[in-house]
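Asker: build me a model from this:
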Amino acid sequence: MNRSYFLKVAGLAGISTSFLSCLSVRNFDSAGKPVSNFAPVSVNTWNFQEAGAKAGDILGKGGKALDAVQEGVMVEEKNIKNTTVGNGGAPDRDGNVTLDACIMGPNGNCGSVAFLHNIEHPVAVARKVMEETPHAFLVGEGAYNFAIQQGFEPTNLLSDESREKWEEWLVEKEYRPVINIENHDTIGMLCLDHSGDMAGACTTSGLAYKMRGRVGDSPIIGSGLFVDNEVGGAVATGMGEEILKNVSSFLVVELMRQGNSPQDACEIAVKRIIKRNPGYKDFQVALLAMSKNGEIGSYCIHSGFTYVRSKNGVSENIVSKSFIE
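Answerer: The predicted structure is shown next:
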């Protein structure tokens, strides 16, 4: 290698290093405190705009992503009119409302609860599992007892409206998934905060009139939710059994790690489900993803899935691309 070529290579390397360093250095305010280069943003499944606005408000005030996702989805957990999440959720075949939820922080830690009775905010219990126990997953009676020990109050979750619909269902006792109808519209949420940290949460009352003890994808880390703070995160909604079989949220994040955009990653993951199940026209699956730079992608089998993006104080409902229009 001659001297002039060496100097050229060294010079280019120096420029590249300086450029990359500039990207990682934060600006400083008048008080000398670092100012993040990240623009906070929240995304959540379906047209749950109040949930998105709540998370966006927390992020806009400098709050952490983990707090934003929890407080955001809790809006729907306590919404008695939402028959797919939390209080007022549709019961199982025996008339019991059981809830599933998970939460995942930027450090890779996570907590989940499933088959939880009589507790309005399963996502808050999931966070307690994550932060107060050596475990990642509690179910059924164990999850309920833990929640009571942590100070949660027992609540009757079966609303009059949900009870009346269940009683109507008892006449025929017929079950089949209804595409884009509120019998399985989980809320999954991803938040990116000022520090560039990402967290996620997912919560649901599960399929309406499900078999007692049934648990879908929502509380399963890697299926209903997955976050990798180096890459991004993904959440899922729709037919939980199909999402579980393909570990879809984890797959989306790994595809992003390989260099795919959030949009491409969601499309590849949904098409894998379609390829593996010839009956895909009979159910809905939707995936929503966000990368570490705030880029968003979503894809679903059937048209009709939407998601909310909350940024700079504005919440917007966006129609997802779909395989079947």
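Asker: and stretch 58-69, what's buried?
Answerer: By 16 or more other C-beta atoms under 10 Å, the buried positions in stretch 58-69 come out as Ile58, Leu59, Gly60, Gly63, Lys64, Ala65, Leu66, Asp67, Ala68, Val69. Bear in mind the C-beta positions are built from the backbone N, C-alpha and C, glycine included.
Asker: dump the residue contacts of the last one.
Answerer: Pointing back at Val69 there. Ser42, Ala55, Ile103, Met189, Leu190, Cys191, Ala199, Gly200, Ala201 (C-beta atoms under 8 Å, 6 or more residues apart in numbering).
Asker: go again using 6 Å as the cut-off
Answerer: Met189, Cys191, Ala199, Gly200, Ala201 (C-beta atoms under 6 Å, 6 or more residues apart in numbering).
Asker: find the nearest non-adjacent residue to it, please.
Answerer: Ala201 (4.0 Å; C-beta to C-beta, 6 or more residues apart in numbering).
Asker: do you know how far that neighbour is from Ile324?
Answerer: Remark: distance between Ala201 and Ile324 (C-beta to C-beta, to the nearest Å) = 29 Å.
Asker: of the two, who's got more company?
Answerer: Ala201 (34 against 13; other C-beta atoms under 10 Å).
Asker: what's the helix or strand for the residue nearest to the spatial centre of the chain?
Answerer: With distances taken as C-alpha atoms, centre = their mean, Gly188 lies nearest the centre of the chain, 3.0 Å away. In this structure, Gly188 sits in strand 187-192 according to DSSP states H and E.
Asker: what lies in contact with the helix or strand just after that strand?
Answerer: Next in sequence after strand 187-192, counting helices and strands by DSSP H and E, comes strand 198-204. Strand 198-204 is contacted from outside by 65-66, 69-70, 73, 77, 85, 100-106, 122-123, 186, 188-192, 218, 224-225, 227, 229, 233, 235, using C-beta under 6 Å, 6+ apart.
Asker: quick one: the following helix or strand past strand 198-204 to chain centroid distance?
Answerer: Where DSSP H and E defines the elements, the next helix or strand beyond strand 198-204 is strand 225-228. Chain-centre distance of strand 225-228: 8 Å, with C-alpha atoms, centre = their mean, to the nearest Å.
Asker: how about the CA coordinates for strand 225-228, as CSV?
Answerer: Extracted C-alpha coordinates of strand 225-228, given in CSV (Å, rounded to 0.1, in the frame of the first residue of the first chain):
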residue,chain,number,x,y,z
LEU,A,225,-45.6,-8.8,21.9
PHE,A,226,-41.8,-8.5,21.5
VAL,A,227,-39.4,-5.6,22.0
ASP,A,228,-35.7,-5.5,21.4
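Asker: can you name the next helix or strand after that strand?
Answerer: Following strand 225-228 toward the C-terminus (DSSP H and E): strand 232-238.
Asker: show me what that next one is packed against.
Answerer: The contact analysis (3 or more C-beta pairs under 6 Å, 6 or more residues apart in numbering; DSSP states H and E) places strand 232-238 against strand 187-192, strand 198-204, strand 225-228, helix 248-257, strand 285-291.
Asker: and with 8 Å instead?
Answerer: For strand 232-238, the elements it packs on are strand 41-45, strand 187-192, strand 198-204, strand 225-228, helix 248-257, helix 262-276, strand 285-291, judged by 3 or more C-beta pairs under 8 Å, 6 or more residues apart in numbering; DSSP states H and E.
Asker: which one of the ones you listed lies nearest to Leu157?
Answerer: Judged by C-beta to C-beta, the one of the helices and strands packed on strand 232-238 that comes nearest to Leu157 is strand 198-204, at 12.7 Å.
Asker: re the thing from before, and of the contacts of Val69, the nearest to Arg257?
Answerer: For the contacts of Val69, the nearest to Arg257 is Gly200 (15.9 Å; C-beta to C-beta).
Asker: what does the model give the closest one for pLDDT?
Answerer: Confidence at Gly200, expressed as pLDDT, is 99.
Asker: distance of it relative to Gln49?
Answerer: 19 Å.
Asker: neighbour-wise, which of the two wins?
Answerer: Under the neighbour definition other C-beta under 10 Å, Gly200 and Gln49 were set side by side, and Gly200 has more, 31 against 16.
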